[in-house]
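# next comes the sequence, and after it the predicted model I'd like to discuss.
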Amino acid sequence: MSANESIAGRVRLHVEDSGGDGRPVVLIHGWPLSAQSWQAQTGPLRSAGYRVVAYDRRGFGRSDKPADGYDYDTLSADLAGLLEDLDLREVTLVGFSMGGGEVARFVANHGEERLRSVVFAAAVPPCLMKSADNPDGPLTPEKAREKEEGLKDDREGYFDKFTTVFFSANDVLKVSEAQRQEALAVCRQSDQRAALGCMKAFATTDFRDDLKKITVPVLVLHGDSDATVPFEGSGKRTHAAIAGSRLVLLRDAPHGCNLSHADEFNEALLDFLKD
């Protein structure tokens, strides 16, 4: 897989593009990781004949780290710029965790002309923040403030705890400690402004109206033991909101299910891509 740089939405994004004539699958990573978090998917997707494109979100990994632009309108514009730069069509967008927000906002702001289908993997839509208007939101304002203060006060400690919960189901770590440490090293590559800005964005952005605009085929893929983005408050609601969407619930799987349950995750994804 070759790496190249793409100017998308005013910042330079680090892009990994397998090339070839296969139908493109664009992988959008979760917070606060990078395209490296998709390593368990890129090989199987390439072997199945797809053109695999993964990129580091602005402010994370090897991409530029500007002072601002960490709202979903800007992030989805970055994605739109990337698809235009590479002239990708018949695309399947796969949004993991906060990346699912980019998928929803991309459709709302930029349409479906370039898309074939979309995947919400352990994704944050429809709306995480609990409120009178969104009583089923799994994140309270108090918990959101606690997370923000934790990241501000002890960045290293926060990421250490975060990666543990990220890969744990019912308090049992579902990856090796070496794999957790690899993810922790990627977390450290994030810019603090980006980490805080995106934390606010995925916690507070309401995607309910965005989901109503999706007409292409949809796969909702989620772990049933996700303690970071609980299925009941996110994937279950997204599946209910999009008529005809396909749901695959991974048994005993944590948030980081694309690594902990890579075989099952890849099987569900490849099965969906065949349609």
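That came through fine.

# from now on I want contacts and neighbour counts done on CA atoms only, so please keep to that.
Will do.

# okay, and the nearest residue to Ala169 once chain neighbours are set aside sits in which element?
Leaving aside its sequence neighbours, Ala169 sits nearest to Pro254 (C-alpha to C-alpha, 6 or more residues apart in numbering; 4.7 Å). Assignment of secondary structure by DSSP states H and E places Pro254 within no helix or strand.

# report the contact partners of Pro254.
Phe166, Phe167, Ser168, Ala169, Lys174, Gly223, Asp224, Ser225, Asp226, Ala227, Ser260 (C-alpha atoms under 8 Å, 6 or more residues apart in numbering).

# pretty sure Pro138 is touching Ser131, no?
No. Taking contacts as C-alpha atoms under 8 Å, Pro138 lies outside contact range of Ser131: 9.8 Å.

# out of these two, which sits in the busier spot?
More crowded of Pro138 and Ser131, by other C-alpha atoms under 10 Å: Pro138, with 21 against 14.

# and stretch 251-269, C-alpha only, in PDB?
C-alpha atoms of stretch 251-269 as PDB (Å, rounded to 0.1, in the frame of the first residue of the first chain):
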ATOM      1  CA  ARG A 251     -21.000 -10.900  20.400                       C
ATOM      2  CA  ASP A 252     -18.800 -10.000  23.400                       C
ATOM      3  CA  ALA A 253     -17.200  -7.300  21.400                       C
ATOM      4  CA  PRO A 254     -15.900  -4.000  22.800                       C
ATOM      5  CA  HIS A 255     -15.700  -0.600  21.100                       C
ATOM      6  CA  GLY A 256     -12.400  -1.500  19.300                       C
ATOM      7  CA  CYS A 257     -14.200  -4.400  17.600                       C
ATOM      8  CA  ASN A 258     -12.400  -4.000  14.300                       C
ATOM      9  CA  LEU A 259      -9.200  -5.300  16.000                       C
ATOM     10  CA  SER A 260     -10.500  -7.400  18.800                       C
ATOM     11  CA  HIS A 261     -13.000  -9.200  16.600                       C
ATOM     12  CA  ALA A 262     -11.300  -8.600  13.300                       C
ATOM     13  CA  ASP A 263     -12.400 -11.800  11.600                       C
ATOM     14  CA  GLU A 264     -16.100 -11.300  12.400                       C
ATOM     15  CA  PHE A 265     -15.800  -7.600  11.600                       C
ATOM     16  CA  ASN A 266     -14.200  -8.300   8.200                       C
ATOM     17  CA  GLU A 267     -16.600 -11.100   7.300                       C
ATOM     18  CA  ALA A 268     -19.600  -8.700   7.900                       C
ATOM     19  CA  LEU A 269     -18.000  -5.900   6.000                       C
END
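
# got the buried residues for that stretch?
252-262, 264-266, 268-269 (16 or more other C-alpha atoms under 10 Å).

# list the contacts for Leu221?
If you count contacts by C-alpha under 8 Å, 6+ apart, then Leu221 has Val119, Phe120, Ala121, Ala122, Gly235, Leu247, Val248, Leu249, Leu250, Phe265, Ala268 around it.

# go on, Val91?
Shown in contact with Val91 (C-alpha under 8 Å, 6+ apart): Arg23, Pro24, Val25, Val26, Arg114, Leu115, Arg116, Ser117.
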